[in-house]
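Colleague: Using only what follows, build the 3D model:
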Amino acid sequence: MCEHVLGIQPTAENEKPPLRPTHADKWALNYAAARQYYEREGHLQVPRGHIERIVTGDSGDQQERDLKLGSWISNQRSRAATLSPERIEQLTAIGMRWA
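Modeller: Numbers count the residues shown, from 1 in each chain. I've put the predicted structure just below:
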């Protein structure tokens with residue numbers, strides 16, 4: 001009806017906004033930053049204000065992203081009681097100290 005009466009055309013694929021990342025996507029991105037930090041520094045005693053730069057995407061579409069890793073690590077420690085066992089195991093494997 002909108003198309004016939006008002007002359008409104010459907011949005012083209014290239015005009016649609018990009019999909020928002022899910023909570024799981026965001027967690028995986030921050031975990032990748034934590035793993036990168038651990039591999040470089042050998043620990044996860046990340047200062048609260050630390051920002052970690054990571055490269056995302058495949059070889060044809062790479063982007064650099066800055067993540068507030070210090071805040072994220074602190075939040076994971078404070079939310080340890082509500083994290084899934086899999087996430088706790090992942091963080092423990094890369095040197096997370098929970099206390």
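Colleague: which stretches of the chain form helices?
Modeller: 23-41, 69-78, 85-93 (DSSP state H).
Colleague: on contacts alone, who are the packing partners of the second one?
Modeller: Here helix 69-78 is seen to pack against helix 23-41 when contacts are counted using 3 or more Cβ pairs under 8 Å, 6 or more residues apart in numbering; DSSP states H and E. From N, CA and C alone the C-beta is placed, and that goes for glycine too.
Colleague: quick one, the helix it packs on and helix 69-78 angle?
Modeller: Helix 23-41 and helix 69-78 are oriented at 110 degrees to each other (axes from the mean of the first three to the mean of the last three Cα atoms, to 10 degrees).
Colleague: Return the set of buried residues in helix 23-41.
Modeller: Of all the residues in helix 23-41, those buried under the rule 16 or more other Cβ atoms under 10 Å are 27, 29, 30, 31, 32, 33, 34, 35, 36, 37, 38.
Colleague: quick one: pLDDT of the third one?
Modeller: In this model, residue 30 is scored at 97, pLDDT.
Colleague: Next, the contact list for the nearest residue to it once chain neighbours are set aside, please.
Modeller: Excluding the flanking residues, the one nearest residue 30 by Cβ to Cβ, 6 or more residues apart in numbering is residue 72, at 4.6 Å. With contact taken as Cβ atoms under 8 Å, 6 or more residues apart in numbering, residue 72 is in contact with 30, 33, 34.
Colleague: So which of those residues is the closest to residue 82?
Modeller: Nearest to residue 82 among the contacts of residue 72: residue 30, at 15.9 Å, using Cβ to Cβ.
Colleague: Verify the stated contact: that closest one with residue 67.
Modeller: Yes - using Cβ atoms under 8 Å, residue 30 is in contact with residue 67, at 5.9 Å.
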